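**Q** My questions concern the predicted model and sequence given below.
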Amino acid sequence: MAVRYKGPQFSKNPPTRELEKHQHKCEVCNGKKYLDAAAAVFRCERCEVKDALVGEPGRTDLGGGAVVDWHAAGWLTADPDLLFGDLEAAIPTWVEADDRVAFPEGEKLIAQPRLVAYVAKGLAMGQTYSYPGLEEPLKPEEMPPSVDGIRRRVEETMFGSLDLNVFDSAHLNMYRGEHDHVSWHSDDDVALYGNDPIIASVSLGATRRFVVRTTASPSTMTNFSLENGDLLVMHGATQRLCEHSVRKEHPNWKVTIKPRINLTFRRIDRSKPLPPLRVPGTERPPNKWLPVPLPPHRQAAASIAPAAAPLDWHPPLVVPPSPRTAARAPPPGWNPNASPSDALARL
């Protein structure tokens, strides 16, 4: 039986941006501050990540056994934009969950700056998800076929086979715009995922900054600019030694940040040994989901653009003649450049 779509469940508590807009700007760069909910402090977005290293596709060793693998888009067999639309409809309920933040003046219930969902299969269906500060634990829903199909492709990319069933649960986050984000945290739930869990994160939709820092040296950060269809795998001691966050964006008035859906696949049932991981490539493959090339007659029209074409210039539409028109010969003495006076003179 099909699962009935219920629509998002919004919180009645104020969102983080309501608290952030009452904060003074940064004294150093005059930038806006954001709420780091886990630490219950307001930090400057610009100053915090201005010295972050730029991450590259491939394998990144963060030290101490913490490793991040970045598979650039190209491993999916379906258009990421179509998968984004499928997930919007396939998830029965998106939830705007509440966090209990311990401010110095007292605790407050704050709505998370994103929508979340939790799906699972097999033994993981009996496990709720919670962490310190989450007001109400998330109960898993049955993993829909669209999510399970992405899971199989993730495992094929990571381990080389579609049918290993390594991951049995997935957390989904929907970032609706530039204000939605997630502050610093680590997924180090030992009771649920083990000591050094492996977590695979799939990005669909807008490009967002995913920043990782080490807890021993918080100023040492690496910024991974995850695009539509990218896969990021955190394994080794990453959750034990590092924290990660999805940053806010600050576009100008001409730019609109589109929504983004992030799927993080996790492993609760660890009865089977973990297969060896593949090392990702270091180059971004060509985007096979770009629009199809123009037909030859449109390519010919585009090739005759003036050297300094204005911004609103469009190539003229060159329509190829039909076989019937091409076979029709012009009348005798026909001159396409003749003036009306010439035509009257022949009468």
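**A** That came through, no problem.
**Q** So L204, which state does it fall into?
**A** strand (DSSP: H, G, I helix; E, B strand; the rest coil).
**Q** List the contacts of it.
**A** P80, D81, L83, F84, L87, N228, G229, R260, I261, N262, L263 (Cβ atoms under 8 Å, 6 or more residues apart in numbering). In short, each C-beta sits where N, CA and C put it, glycine included.
**Q** Swap in 7 Å and give it another go.
**A** With contacts defined as Cβ atoms under 7 Å, 6 or more residues apart in numbering, L204 is in contact with P80, L83, F84, L87, N228, G229, R260, I261.
**Q** what's the answer for R209, then?
**A** Listed by Cβ under 7 Å, 6+ apart, the contact set of R209 reads N223, S225, R247.
**Q** Counting neighbours, which of those comes out on top?
**A** R247 (19 neighbours; other Cβ atoms under 10 Å).
**Q** thinking again about what came up before, in helices, which of the contacts of L204 fall?
**A** P80, L83, F84, L87 (DSSP state H).
**Q** so where do the helices sit in the protein?
**A** Remark: helices assigned in the chain by DSSP H are 16-20, 45-49, 80-90, 145-159, 190-193, 238-241, 296-302, 323-327, 340-345.
**Q** okay if I get these as JSON lines plus mean pLDDT?
**A** Shown next, in JSON lines, are those (pLDDT from 0 to 100):
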{"stretch": "helix 16-20", "mean pLDDT": "90"}
{"stretch": "helix 45-49", "mean pLDDT": "92"}
{"stretch": "helix 80-90", "mean pLDDT": "89"}
{"stretch": "helix 145-159", "mean pLDDT": "94"}
{"stretch": "helix 190-193", "mean pLDDT": "90"}
{"stretch": "helix 238-241", "mean pLDDT": "96"}
{"stretch": "helix 296-302", "mean pLDDT": "57"}
{"stretch": "helix 323-327", "mean pLDDT": "57"}
{"stretch": "helix 340-345", "mean pLDDT": "57"}
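**Q** Of those, which is nearest E105?
**A** Across the helices of the chain, E105 has its closest neighbour in helix 16-20 (11.8 Å, Cβ to Cβ).
**Q** just to revisit the earlier point, and the helices of the chain as a markdown table, adding mean neighbour count?
**A** Putting the helices of the chain into a markdown table (neighbours: other Cβ atoms under 10 Å) gives the following:
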| stretch | mean neighbour count |
| --- | --- |
| helix 16-20 | 17 |
| helix 45-49 | 17 |
| helix 80-90 | 17 |
| helix 145-159 | 19 |
| helix 190-193 | 13 |
| helix 238-241 | 21 |
| helix 296-302 | 13 |
| helix 323-327 | 8 |
| helix 340-345 | 8 |
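**Q** These into TSV, with extra columns for distance to T60?
**A** Compiled in TSV, the helices of the chain are given as follows (distance: least, Cβ to Cβ, whole Å):
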stretch	distance to T60
helix 16-20	29
helix 45-49	16
helix 80-90	23
helix 145-159	16
helix 190-193	21
helix 238-241	10
helix 296-302	41
helix 323-327	59
helix 340-345	75
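**Q** Out of those helices, flag the one nearest S219.
**A** So among these, helix 45-49 is nearest, using Cβ to Cβ, at 9.0 Å.
**Q** Buried residues of stretch 203-222, list them for me.
**A** 203-206, 208-214, 221-222 (16 or more other Cβ atoms under 10 Å).
**Q** re earlier: can you tell which of the helices of the chain is closest to T256?
**A** Nearest to T256, of these and by Cβ to Cβ, is helix 80-90 at 15.9 Å.
**Q** So what angle separates the directions of that closest one and helix 145-159?
**A** In terms of direction (axes from the mean of the first three to the mean of the last three Cα atoms, to 10 degrees), helix 80-90 departs from helix 145-159 by 130 degrees.
**Q** Go ahead and measure how far helix 80-90 is from the middle of the chain.
**A** Distance of helix 80-90 from the chain centroid (Cα atoms, centre = their mean, to the nearest Å) equals 12 Å.
**Q** List of residues touching that helix?
**A** The contact list for helix 80-90, computed with Cβ under 7 Å, 6+ apart, reads Y5, A73, P144, S146, V147, I150, L204, G205, N228, G229, I261, W289.
**Q** Out of those residues, which comes closest to E107?
**A** Nearest to E107 among the contacts of helix 80-90, with distances taken as Cβ to Cβ, is I261, at 30.6 Å.
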